[in-house]
Every structure is written in structure tokens, then in C-alpha cells.
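*Asks:* Next one to model:
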Amino acid sequence: MIETIAELGEIEVLNRLKEFMDNGQIDDDTALIKESNKKLLINTDLLVEDVHFSSQTSSPEDIGWKAITTNLSDLAASGAHQFLYITVGLVAPPSTQWKWVEGVYKGMTVALQKFGGKIIGGDCSKGEQKIISITAIGTLGILRLHRSFALPGDYLLTSGPHGLSKLGLELLTSKDDKKLGKVQSSLKMQAINAHQRPNPPIKALKKLEECKPIHLPWRAAGTDSSDGLIEAIKGICTSSRCQAIIDPLSLPRPFEWPKGDQWDNWCLAGGEDYQLVVSLPEEWANAWLKTMPSAKKIGKIRKGNPQVYWENGKAIKLSCQGFKHY
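*Replies:* A predicted model of the protein is given here:
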């Protein structure tokens, strides 16, 4: 028998969601947070059906996983040391099957079990389309990453390859195989997994903290590349009031990545890659490159109005843009 949330009603839905939280956690309208003596980082992200996720490309478990990890990526890219709590706001049409809701929460639970944190509450309501709103809370570690901390002379680096999630989405939705050309099967599997089950850059942050030269201050600019690599770099430039110079030969292309303008555009602006993008002093950057094999230097920071250029001085023109929220 297929059960919808309208047939179950709010009270029964909430009672069923209790299994994903501590006993008594949602028997009140508020949740108690005891870590008030620590510096906390808080992030809220919305995932909207047919904008951020689709049942055509992802299972409910995949959607729940992604709802959590996209938020944890923002926390990690700000220097979070520990992930503590999650609240979930769920909007869904009354005809939504309970099995879908349960699958989303199961996916969330698996992600939290792997990366840390637990669900402490939230809210639910009916609406015309599915929306998942996650608020994530974590503790600040020793390094506070911020877009405004870049300085001229810094190296610009990223923690890993870009373009995989975009390729994964194209593989899952494209009806024109010629558009993609010949893509290695191993790259296909990696790309689909990157799109459906992204990982927050927790390891990259830890390695960054561990390798800092002792005599250098804890000063590094950073963000994640959820909206695309170029958008991440632009964010650093805008907040730090500086320019970025990118080496076209050092783009963070995945292994076996095809050549061509389309593929470089996907690398630069595909979005949803969830890698760290950081601006570091040269010595610290070199130390991170040694300890983090997937990391890559992609350019430098210099004085100037906030812009991003190729090394030859030309503006970077893209056939596709990074994710736009409106």
C-alpha cells in the first residue's frame, strides 16, 4: 500500500520522523544547544525540486545525502572543526509518498553518521513543490577561512578536480550521446557518483591546518566551489578587493577529462563540485600541495579591481555560467 503524507497527517509524519532524532527531541518547539561556550558556525541552504535536485536523476536517499553534505561543505569551507546539529525544514505536496520522505531522512542519517552531527528538529508544511531547508551548526576550528582574507602575492589553489558533477548530471539527463563524445567508463562512474553523493572537503581542511608553517599566521582566504570554480574565485576577489590570474594549463581537470572548450567550461563553471578554493601564502601553498595530492595550484592573487583573468591578460569568457540562484 502506497501511503501519502496527506493520508498520514502531520502528527503521524512527525511521529515517524522521531526515529531519525534523539528521544524527545521534537516534543517541543525549540531545541537546546549546550555548546554555547564555543564559537559556532551556522549555515542554511535551500534545496528546491527541479532546481537543486530531481527524482529523475537521484533517489530519495541521494537527495537526503546531498542536502546534508552541501551544508557541511559550507561549514568546512569556513573552517568548521566539528559538525554538531542539523535542523530540517521540509515542504512537500500532500500527494508526496511517505516512502520518499523516509528515504530522504535515511540518506541524511547515513551522511551524518559518516561526517558527524545529528538532526535536532525542524518543521514541515505542504506546498506546490518539494523544498528541503537545512540549517547546520558546527564549531569553529583553529583556522577561520573567509573570502575576504586574500592578499596580493598569494597562490590560488583548489583541493581537487572540477566538472565531475556537471558531467554526471549530463550523463543522467542527456538524450544526445554525441554531445558527450567518448567518455571513459571509469570517468562516467566517478561523475555520476560526484553528482549524486558529493563529499564535503573535510579532509582537505584538515590537511590545510596540519601543514601550515609554524612561523606563518593563521591567515587564509577560502570558500567552496558549490556554484562553480569561477564563481568561487570571483567571490574571493570581490570580498578581498583583488584580482586573480588563472593559468589555463593548470585547470583542475579530472583524470581522463576530454579536451575541448565545452569540457574546460564545465571544469570552470559546472558547479556542485564542493572543493575548497583557497588563497594562501606561497610557503603554505607549497606545503599543502605536498600533503594533499589532489590539490592543485591554479593561479595567483594580485592587486587590482576584482576581476579574474587568464595569464595572458584576457578576460575569461565562458559558454556556460556557474549556478545562479535567480
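
*Asks:* pLDDT weak spots in the stretch 1-150 of the chain?
*Replies:* Scanning the stretch 1-150 of the chain for pLDDT under 70 picks out the ranges 1, 23-36.

*Asks:* what about E209, how many neighbours?
*Replies:* 16 (other C-beta atoms under 10 Å). Every residue, glycine included, has its C-beta placed from N, CA and C.

*Asks:* I meant to write V183 there.
*Replies:* V183: 17 neighbours (other C-beta under 10 Å).

*Asks:* any residues touching stretch 202-211, and which ones?
*Replies:* Stretch 202-211 is contacted by residues 72, 76-77, 79-80, 115, 141-143, 145, 159-160, 220, 275-276, 278, 284, 287-288, 290-292, 294-295 when judged by C-beta atoms under 8 Å, 6 or more residues apart in numbering.

*Asks:* Mind checking what secondary structure L169 has?
*Replies:* Here L169 is recorded as helix under DSSP: H, G, I helix; E, B strand; the rest coil.

*Asks:* what number of residues lie near it?
*Replies:* L169, neighbours per other C-beta under 10 Å, totals 22.

*Asks:* would T238 count as being in a strand?
*Replies:* No. Counting by three-state DSSP, T238 falls outside a strand, being helix.

*Asks:* In this structure it contacts P306, no?
*Replies:* Yes. Counting by C-beta atoms under 8 Å, T238 touches P306, with 4.6 Å between them.

*Asks:* joint contacts of those two?
*Replies:* By C-beta under 8 Å, 6+ apart, no residue touches both T238 and P306.

*Asks:* just to revisit the earlier point, out of the contacts of stretch 202-211, which are inside helices?
*Replies:* 72, 76, 115, 284, 287-288, 290-291 (DSSP state H).

*Asks:* Pull out the buried members of those residues.
*Replies:* 72, 76, 115, 284, 287-288 (16 or more other C-beta atoms under 10 Å).

*Asks:* Show me how far whichever strand or helix holds G107 is from its chain's centre.
*Replies:* Using DSSP states H and E, G107 maps to helix 98-115. Counting by C-alpha atoms, centre = their mean, to the nearest Å, helix 98-115 is centred 17 Å from the centre of its parent chain.

*Asks:* burial measure for L90, as a count.
*Replies:* For L90, using other C-beta under 10 Å, the count is 22.

*Asks:* who touches it in this structure?
*Replies:* 101, 104, 122-125, 130-133.
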